[in-house]
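[1] Sequence first, predicted coordinates after that:
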Amino acid sequence: MDKILLARVKAALEEHGPAMERAAEVPTSSAVMPDPREKTYLTRADSAILRAGLKKLPTSVLWGMLNDQLDSIETGIPFGSWAAAGGRPMGDALQTNPQLRKTLDTTGATALIRQDLEPILYEIYVREFPAWDDFMKEPSNGLVHAYNRQTSYGDAQFMTELGTVTDDVGVYERKTTPISVIATRRGITLKSQFATLQGGAGFNPEQLELRNGLRAIAHKMQKTIFQGNATASGGLTSNEDGPYDVNSFDGLRRTIATNAKTVDVTKATPDDIREGIGEAARDVMNYGGRLNKLYVNPDVKHLWDIAQDANVRYISTGGVSVGMQVNGVNTPFGDMPLNVIPGDSIGSYTYSGHTHSDIYLMDMETVSVPYLGSEGVTVLDIPTGIGGQLTHQFIMFGMWGFAVKVEVFNGKVRVQTLA
């Protein structure tokens, strides 16, 4: 790590370190009158403030902070204490009983929940999966999260001065989403640790494995949110239902398939993608929704960029940078930027015998990610020697679902990309 980066990491740790340490403190079960002057735990508001501070830091500094925090000893919450407290930073549950103290550490031969790592991991996770921060998080109300999906907002009536108010209600249907458990176990052997130190290698193998684990979870979650399928057993990556996994949840591809427009950009006179988006947005507006996000994959973004080249006239006496970039689109809701989701998360599939990829038009106030435990990635630290193996292991996990509460307030455009 170069000197400038090291200095920035140390400065960031000095600023945010105490707050992260508070996240690893544990409540006792004794009924002690709390001292209102003491505040030794990390509340939900504290966590939000801490994340806002970390958001300003470069990714390299965040990884440096994570590396230093990993080396902290006597840090972590015994798994039993974490689970008994509801599995999240104690915050709201401890507002009336916040007498906290340190308990067991790795010398007690117990696996520890590293909540002190959560704020850093959350920010890095968001950078791997930018759409994650867009989705509202809410605590799940059970092993399966139950919610009301609104299909109509009802009506209101004009009335006379002394008339009787007419009763009306919105129309809802009861829906559930499974809270799926996603996890990966990462670790390095004691032999690898010694070899790295004695060989003078300029990297931290634990950090490398945590980074790989975080990317794996981010990729899987992002892909499932856009094309997941836990309902249609015949679903495949290559059809609109999406790849079937009974342990996951339904994603956007099949959930809002009935609110779709289709455009073909492979014809001799290609359809206009902007027109398709405008029609889908118009339908959402007519239903009463308010779009605020557009998600597109790199393939469709590339095709759309190329389609604009014919509309460009170059006037220059010297060299030019050829090509146009579509950074946004004008809709009935105003100018909306395009959010490009990298990789295969949105993907493509066969529809009516041709290859299509989706553009998603979202009213983010109608979509949520219910969670159990913590809204971010949680790390279970398993010290070397537990289970008789000379391996230091980390289990990274999350428990999340996905709920679309008003389908008609969201839409998509199927773009035919291959004839």
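    Cool, the structure landed. Not measured: the values here are computed from a predicted model.
[2] Buried residues, stretch 356-371. List them.
    Within stretch 356-371, the residues that count as buried by 16 or more other CB atoms under 10 Å are 356-364, 366-371. C-beta coordinates here come from the backbone N, C-alpha and C atoms, glycine included.
[3] Mind checking which of those land in strands?
    Mapping the buried residues of stretch 356-371 onto strands (DSSP state E) picks out 356-362, 367-371.
[4] before we move on, back to that, considering the buried residues of stretch 356-371, which is situated nearest to Ala146?
    Pro370 (9.5 Å; CB to CB).
[5] How about the contacts made by that closest one?
    Counting by CB atoms under 8 Å, 6 or more residues apart in numbering, Pro370 touches 137-141, 145, 147, 177, 179, 400-403.
[6] Let's see if you can find the most crowded of those.
    Using other CB atoms under 10 Å as the neighbour criterion, Trp400 leads the contacts of Pro370 with 29 neighbours.
[7] what's the least confident helix or strand in this protein, going by average pLDDT?
    strand 100-101 (a mean of 30; mean pLDDT, DSSP states H and E).
[8] which residue sits farthest out from the middle of the chain?
    Of all residues in the chain, Leu162 has its C-alpha farthest from the mean position, at 51.9 Å, by CA atoms, centre = their mean.
[9] So that one belongs to a strand, correct?
    No: read with DSSP: H, G, I helix; E, B strand; the rest coil, Leu162 is coil and lies in no strand.
[10] Low-confidence ranges, this structure, go.
    Scanning the chain for pLDDT under 70 picks out 1-49, 51, 62-63, 65-67, 69-120, 201-203, 317.
[11] what number of residues lie near Glu240?
    By other CB under 10 Å, neighbour count at Glu240 equals 20.
[12] Identify the single longest helix in this protein, thanks.
    Longest helix in the chain by number of residues (criterion: DSSP state H): helix 205-227.
[13] mind checking how far that helix is from the chain centre?
    11 Å (CA atoms, centre = their mean, to the nearest Å).
[14] Can you list the helices and strands that it packs against?
    helix 59-70, helix 118-128, strand 180-189, helix 190-199, helix 252-255, strand 391-400 (3 or more CB pairs under 8 Å, 6 or more residues apart in numbering; DSSP states H and E).
[15] and of these, who's closest to Leu338?
    Set against Leu338 and scored by CB to CB, the helices and strands packed on helix 205-227 come closest in helix 252-255, at 16.1 Å.
[16] tell me what whichever helix or strand Gly278 is part of is packed against?
    According to DSSP states H and E, Gly278 maps onto helix 273-287. In terms of contacts (3+ CB pairs under 8 Å, 6+ apart), helix 273-287 is packed against strand 260-264, helix 298-307, strand 328-331, strand 354-362, strand 411-418.
[17] what's the angle from it to strand 260-264?
    Here helix 273-287 runs at an angle of 170 degrees relative to strand 260-264 (axes from the mean of the first three to the mean of the last three CA atoms, to 10 degrees).
[18] Let me know the angle separating helix 273-287 from strand 354-362.
    50 degrees.
[19] Filter the contacts of Pro370 down to just the ones in strands.
    Per DSSP E, the subset of the contacts of Pro370 in strands is 137-139, 145, 147, 177, 400, 403.
[20] Quick check: of those, which lies closest to Gly276?
    Looking across the ones in strands among the contacts of Pro370 and measuring by CB to CB, the closest to Gly276 is Ala403, at 26.4 Å.
[21] Chain neighbours aside, what residue packs nearest to the spatially most central residue of the chain?
    Centroid-nearest residue in the chain: Trp132, 2.5 Å away (criterion: CA atoms, centre = their mean). Among residues not flanking Trp132 along the chain, Val126 sits closest, at 5.3 Å (CB to CB, 6 or more residues apart in numbering).
[22] in the longest helix of the chain, what counts as buried?
    In terms of neighbour count (16+ other CB under 10 Å), helix 205-227 has its buried residues at 205-206, 209-211, 213-214, 216-227.
[23] likewise stretch 302-319?
    In stretch 302-319, counting by 16+ other CB under 10 Å, buried: 303-304, 307.
[24] which of these lies closest to Leu57?
    Comparing these against Leu57 with CB to CB places Trp304 closest, at 33.2 Å.
[25] residues touching that closest one, list them.
    So Trp304 contacts 273, 296, 326 (CB under 8 Å, 6+ apart).
[26] Let me know the closest of the residues you listed to Pro58.
    The closest of the contacts of Trp304 to Pro58 turns out to be Val296 (CB to CB; 26.6 Å).
[27] if we can go back for a sec, compute the inter-axis angle for the helix holding Gly278 and helix 298-307.
    120 degrees.
[28] Send over helix 273-287 as PDB, restricted to the C-alpha atoms.
    Taking C-alpha atoms only, helix 273-287 is exported to PDB below (Å, rounded to 0.1, in the frame of the first residue of the first chain):
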ATOM      1  CA  ILE A 273     -36.400   2.500 -28.500                       C
ATOM      2  CA  ARG A 274     -37.300   5.900 -27.200                       C
ATOM      3  CA  GLU A 275     -40.800   5.400 -28.600                       C
ATOM      4  CA  GLY A 276     -41.100   2.100 -26.800                       C
ATOM      5  CA  ILE A 277     -40.000   3.700 -23.500                       C
ATOM      6  CA  GLY A 278     -42.400   6.600 -24.000                       C
ATOM      7  CA  GLU A 279     -45.300   4.200 -24.500                       C
ATOM      8  CA  ALA A 280     -44.500   2.100 -21.500                       C
ATOM      9  CA  ALA A 281     -44.000   5.300 -19.400                       C
ATOM     10  CA  ARG A 282     -47.300   6.600 -20.700                       C
ATOM     11  CA  ASP A 283     -49.100   3.500 -19.500                       C
ATOM     12  CA  VAL A 284     -47.600   3.800 -16.000                       C
ATOM     13  CA  MET A 285     -48.600   7.400 -15.800                       C
ATOM     14  CA  ASN A 286     -52.200   6.600 -16.800                       C
ATOM     15  CA  TYR A 287     -52.300   4.000 -13.900                       C
END
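[29] Beyond it, next helix or strand please.
    Following helix 273-287 in sequence, per DSSP H and E, is strand 293-296.
[30] Please give the centre-to-centre distance between that next one and its chain.
    When C-alpha coordinates are averaged (CA atoms, centre = their mean), strand 293-296 and its chain have centres 15 Å apart.
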